[in-house]
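Asker: The amino acid sequence is not available; the structure is as follows:
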């Protein structure tokens with residue numbers, strides 16, 4: 001074993017897109033995937049919603065129905081890898097956590113059948129399953145874009161109007177920190193950055209376009225021999 005010069009060459013994207021229902025997470029994910037180039041695979045848990053945007057870019061889709069067991073996600077990720085896809089969109093990752101057959105559902109069922117109702121003990125069985133999905137995302141040779149629903153609340157804005165806002169993503173706490181970049185989309189379809197290692201994004205809200213994917217691809221493929229970062 002030996003240490004070598006650190007370079008950012010041919011890295012793979014790990015992007016999360018969060019937002020409330022109707023904010024444009026799927027639409028934004030497909031536009032960014034278009035800019036990344038290559039074959040696109042979509043794992044669609046949203047009852048075929050991704051296919052409504054088939055005019056935006058060519059992609060193949062697998063409509064994942066319950067149970068949303070993390071092992072099924074892992075299987076589909078590996079199938080996409082073996083089939084030669086360059087970009088995998090997981091739409092959405094929230095189902096693995098909160099929906100039928102997802103991690104919280106598995107925890108409750110295992111607690112009742114194996115641990116006499118002890119939900120804390122049931123995490124011994126469930127956490128490794130969830131962690132295996134996160135590891136599959138991080139280790140994939142494909143670009144990964146994962147959408148996550150945001151918990152919602154309402155506020156009174158400056159115009160005295162009721163406005164829906166997104167809070168934390170619906171997933172295990174800290175999951176969003178596993179990604180290189182996290183984009184939060186508001187109800188007006190404008191994106192802001194809550195986490196970013198690229199330095200590519202403005203501080204003000206911006207619209208998602210395929211150019212975002214193109215710029216991310218350039219950043220991922222940049223050879224940083226001098227230890228510098230590419231700038232926006």
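Answerer: That came in fine, so what should we check first? The shown structure was predicted, so the numbers you read here are calculated from the model rather than taken from an experiment.
Asker: use CA for all of it now, contacts and neighbours both
Answerer: Fine.
Asker: quick one: low-confidence ranges for this protein?
Answerer: Residue ranges of the chain with pLDDT under 70: 152-167, 223-232.
Asker: ranges for the strands of it?
Answerer: Counting by DSSP state E, the chain has strands at residues 14-19, 40-44, 60-63, 87-91, 143-156, 162-169, 181-185, 191-196.
Asker: Include mean neighbour count and distance to residue 120 when you put those strands into JSON lines, please.
Answerer: Formatted as JSON lines, the strands of the chain follow (neighbours: other Cα atoms under 10 Å; distance: least, Cα to Cα, whole Å):
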{"stretch": "strand 14-19", "mean neighbour count": "26", "distance to residue 120": "28"}
{"stretch": "strand 40-44", "mean neighbour count": "24", "distance to residue 120": "30"}
{"stretch": "strand 60-63", "mean neighbour count": "16", "distance to residue 120": "32"}
{"stretch": "strand 87-91", "mean neighbour count": "26", "distance to residue 120": "28"}
{"stretch": "strand 143-156", "mean neighbour count": "19", "distance to residue 120": "23"}
{"stretch": "strand 162-169", "mean neighbour count": "16", "distance to residue 120": "22"}
{"stretch": "strand 181-185", "mean neighbour count": "24", "distance to residue 120": "30"}
{"stretch": "strand 191-196", "mean neighbour count": "18", "distance to residue 120": "30"}
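Asker: Beta-bridge partners for the most centrally placed residue in the chain, please?
Answerer: By Cα atoms, centre = their mean, the chain has its centre lying nearest to residue 146, at 1.6 Å. Per DSSP bridges, the residues bridged to residue 146 are residue 16, residue 90.
Asker: wouldn't it be in contact with residue 95 here?
Answerer: No: between residue 146 and residue 95 there is no contact under Cα atoms under 8 Å: 11.3 Å.
Asker: What count of nearby residues applies to the closest residue in space to residue 188 that isn't next to it in sequence?
Answerer: Excluding its sequence neighbours, the residue lying closest to residue 188 (Cα to Cα, 6 or more residues apart in numbering) is residue 23, at 6.9 Å. A total of 21 residues lie near residue 23 under the criterion other Cα atoms under 10 Å.
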